[in-house]
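Undergrad: Structure for this input, please:
(chains A, B, C and D)
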Protein chains: 2
Amino acid sequence: MPASPFHAIADPTRRRILDLLRLAGPLRAGDLAASFPAISRPGVSKHLRVLRGARLLRQERRGRELWYQLDPQPLSQVEQWLIEYEKFWQERLEALKKVVEQKANFE
Amino acid sequence: MPASPFHAIADPTRRRILDLLRLAGPLRAGDLAASFPAISRPGVSKHLRVLRGARLLRQERRGRELWYQLDPQPLSQVEQWLIEYEKFWQERLEALKKVVEQKANFE
DNA sequence: TTATCATGTAACCATACGGTTACACATTAT
DNA sequence: ATAATGTGTAACCGTATGGTTACATGATAA
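TA: Purely as a prediction, here's the structure:
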């Protein structure tokens, strides 16, 4: 079951992990764990597992180190879903604009 | 605790509820429940509660009926987060393009 | 070869989640 | 007044989630 990206990004810690990889480039599992002093290393490791399940991470083993890199591709699924809502609220903005203009004509 | 939109859209049933409201316009709680034969009415009601908590729904009482309407505004929070990733993969595509062109020069 | 390091996993725990049935409460219909 | 309708909530249940500590494994360092 390749977990959905919607579920993967629901957790704020997981979003921060993705942000770190996006901003800092590839990082080792230990680097990531060290970035979350409030959570134990295995705790972070479990989040990495979820992100891997959603295919949001690529991993490369270099000796005993494991480097993680962001693969944003599955996020396009979320983006696709959101696009329909952008259209929706664009229409609502258009409607609002008309109402405001209408009102302006009366003042 | 105004639940985050990230969490609200993590569940597929809740996404379908939002889709219904987006496509069909305002609907009564009962209409929505009827759209999910596999889930009991209180089950759907609990999903509505979560969506309300994320401020994704506006409700209007009309007699004993309760009409729900989509308010997509909080989704912009998700959109904002995603935009940074679009930039990121755009850059990766650019890089890929260059690599491919480079390769073409050698063949 | 032995110790150390980097990492994942297993087992466990408390809480959240998604579902159910039974109930409560207004509001409309009879 | 009483019945029926529309809706939310409480209590409960099994499973998932996010966290922990202890352990296993593979790769470098001494």
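Undergrad: Please make it C-alpha for all contacts and neighbour counts, starting now.
TA: Will do.
Undergrad: neighbours around the residue in chain A positioned nearest to DNA strand C, how many?
TA: Each residue of chain A has a distance to DNA strand C, by CA to the nearest atom of the strand, and the smallest belongs to residue A:30, at 3.0 Å. Burial of residue A:30 is recorded as 14 neighbouring residues (other CA atoms under 10 Å in any protein chain shown).
Undergrad: how about the nearest residue to it, chain neighbours excluded?
TA: The spatially closest residue to residue A:30, leaving aside those adjacent along the chain, is residue A:41, at 7.5 Å (CA to CA, 6 or more residues apart in numbering or on different chains).
Undergrad: Go ahead and confirm the one you found touches residue A:35.
TA: No. Assessed by CA atoms under 8 Å, residue A:41 is found out of contact with residue A:35, at 9.8 Å.
Undergrad: Comparing those two, which shows the higher neighbour count?
TA: With neighbours defined as other CA under 10 Å, residue A:41 and residue A:35 compare such that residue A:41 has more, 17 against 14.
Undergrad: hmm, back to that, does DNA strand D sit close to the strand or helix carrying the residue of chain A closest to DNA strand C?
TA: When secondary structure is defined by DSSP states H and E, residue A:30 falls within helix A:29-34. No. Remark: helix A:29-34 sits outside contact range of DNA strand D, by CA under 7 Å from any atom of the strand, the gap being at least 9.8 Å.
Undergrad: C-terminal to that helix, what's the next element?
TA: Beyond helix A:29-34 on the C-terminal side, the first helix or strand identified by DSSP H and E is helix A:41-53.
Undergrad: Show me the longest helix that occurs in chain A.
TA: Here the longest helix in chain A is taken by residue count, with DSSP state H as the criterion, and it is helix A:75-105.
Undergrad: Fine by me, thanks again.
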